[in-house]
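1. Structure of the sequence below:
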Amino acid sequence: MVDVPQQDWQFYEARTRVEDAEWLRELSTQDRFALYEGLMDVIGGARHVHGDWERLDRWQWDQKVATRKKLFGAYCKLDQLQRERTAANNPG
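-> Residues are numbered from 1 along each chain as shown. Sure, this is the predicted structure:
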C-alpha cells in the first residue's frame, strides 16, 4: 500500500502567523534586500554541492519555454477575439 504524503497544517499555520506577515511588512527596503540577498546566497552556495546541475538548468529552461509558449498562445487568442469584436462592432 502506498502512503500518501500528508500536509502538516499545524506547522504551516505556525509558520504563517499574522505576526510573521506583519514583521515582513515592517521591514525596510534595505532589510528586505538583505533577506533576499541571504536567500540567494544559500541557493548559490548549493551549486557547490555535487549534483547534475546541467540537467536542472535544462529542465528549468524547458519549463520557461513551455510557459512562454502557453502565454504566446493565450495572447494570440486574445488578439484574435479582440479583432473579431472590433470587426463585428465596426461593419465596413
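
2. Now for residue 37, which secondary structure element holds it?
-> helix 29-46 (DSSP states H and E).

3. Equivalent analysis for residue 50, please.
-> Here residue 50 is assigned to no helix or strand, by DSSP H and E.

4. if I look at it, how far off is residue 61?
-> To residue 61, residue 50 is 21 Å away according to Cβ to Cβ, to the nearest Å. (Each C-beta comes from the backbone N, C-alpha and C, glycine too.)

5. So those two - more neighbours on which side?
-> residue 61 (10 against 5; other Cβ atoms under 10 Å).

6. any idea whether that one is helix, strand or coil?
-> helix (DSSP: H, G, I helix; E, B strand; the rest coil).

7. hey, C-alpha coordinates of the helix holding residue 37 in CSV?
-> The C-alpha trace of helix 29-46 is given here as CSV (Å, rounded to 0.1, in the frame of the first residue of the first chain):
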residue,chain,number,x,y,z
THR,A,29,13.8,48.2,1.9
GLN,A,30,17.3,47.6,2.9
ASP,A,31,16.3,44.8,5.3
ARG,A,32,14.1,43.2,2.6
PHE,A,33,17.0,43.3,0.2
ALA,A,34,19.4,41.8,2.8
LEU,A,35,16.9,38.9,3.4
TYR,A,36,16.6,38.4,-0.3
GLU,A,37,20.3,38.5,-0.7
GLY,A,38,20.8,35.9,2.0
LEU,A,39,18.4,33.6,0.4
MET,A,40,20.1,33.9,-2.9
ASP,A,41,23.5,33.2,-1.2
VAL,A,42,22.0,30.0,0.1
ILE,A,43,20.8,29.0,-3.3
GLY,A,44,24.0,30.0,-5.0
GLY,A,45,26.0,28.0,-2.4
ALA,A,46,24.1,24.9,-3.2
